[in-house]
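> Pasting a predicted model and its sequence here:
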Amino acid sequence: MQQIKTYLEEIATISDTDWTFFTSKLVRRIIPKKDIFLKLHDIENHISFIESGVVRLFIPKDNPEKEITFGFSFTNQFVSAYDSFLTQTPSAYELQTLTKTTLLSISYSDLQAVYKTTQIGNLIGRLTAERLFLIKSKREQHLLNLTAEERYLKLFKERPELLKIIPLKYISSYIGVTPQALSRIRKRL
């Protein structure tokens with residue numbers, strides 16, 4: 001619980017009463033490696049803070065080689081099929097753990113109660129949504145403005161440990177190239 005408290009206290013000061021109420025709504029979930037914990041067309045009912053682990057966001061295809069990886073979430077970040085969570089409609093993508101992952105999750109209804117009951121709930125919700133938006137916006141800008149090689153270099157400059165964790169087929173999809181093109185990029189570097 002200390003990790004999420006540290007993260008949230010970077011955003012705002014939380015009273016003991018608000019903290020106690022908020023943490024009473026959190027559920028710790030331990031998910032095995034390579035587990036798809038939100039399937040296509042399921043409604044996302046949780047927003048989760050990653051205590052440890054890595055999660056991949058992807059669009060499944062009939063041919064697994066054609067899956068589209070469009071996001072990763074890491075330790076000390078929130079993860080959710082956030083559009084499905086907000087609208088309570090079926091998800092257009094899946095969430096899969098790439099490592100054994102520990103999450104602190106809050107359900108949609110419990111988060112609504114936090115918003116209603118605490119002074120800090122709406123501020124935390126808004127600022128967390130803003131951070132998720134900025135991550136998404138940054139990725140879109142990189143896809144539009146950087147070459148595949150630049151995207152690859154930037155990804156690993158920011159997160160060098162990923163080479164050990166994330167299979168290259170997911171990285172190639174994430175930066176928008178085929179595995180063969182990624183192999184050529186890696187040979188040039």
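Good, I have the coordinates.
> residues contacting Leu26?
Counting by Cβ atoms under 8 Å, 6 or more residues apart in numbering, Leu26 touches Met1, Ile4, Leu104, Ser105, Ile106. The way it works is simple: take the backbone N, C-alpha and C, and place the C-beta from them, glycine included.
> redo that, cut-off 7 Å
Residues in contact with Leu26 (Cβ atoms under 7 Å, 6 or more residues apart in numbering) are Leu104, Ser105, Ile106.
> My read is that the first one contacts Ile50, right?
Right, Leu104. No - Leu104 lies out of contact with Ile50 (Cβ atoms under 7 Å); the separation is 8.3 Å.
> what is the rounded mean pLDDT of the helix or strand that Arg184 is a member of?
Assigned by DSSP states H and E, Arg184 belongs to helix 179-188. The average of the pLDDT scores along helix 179-188 is 92.
> Return it as CSV; C-alpha atoms alone will do.
The C-alpha coordinates for helix 179-188 follow below in CSV (Å, rounded to 0.1, in the frame of the first residue of the first chain):
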residue,chain,number,x,y,z
PRO,A,179,9.6,-8.3,-36.3
GLN,A,180,11.9,-8.5,-39.4
ALA,A,181,12.2,-4.7,-39.6
LEU,A,182,12.9,-4.5,-35.8
SER,A,183,15.7,-7.1,-36.3
ARG,A,184,17.2,-4.9,-39.0
ILE,A,185,17.0,-1.9,-36.7
ARG,A,186,18.7,-3.8,-33.9
LYS,A,187,21.5,-4.9,-36.2
ARG,A,188,22.2,-1.3,-37.3
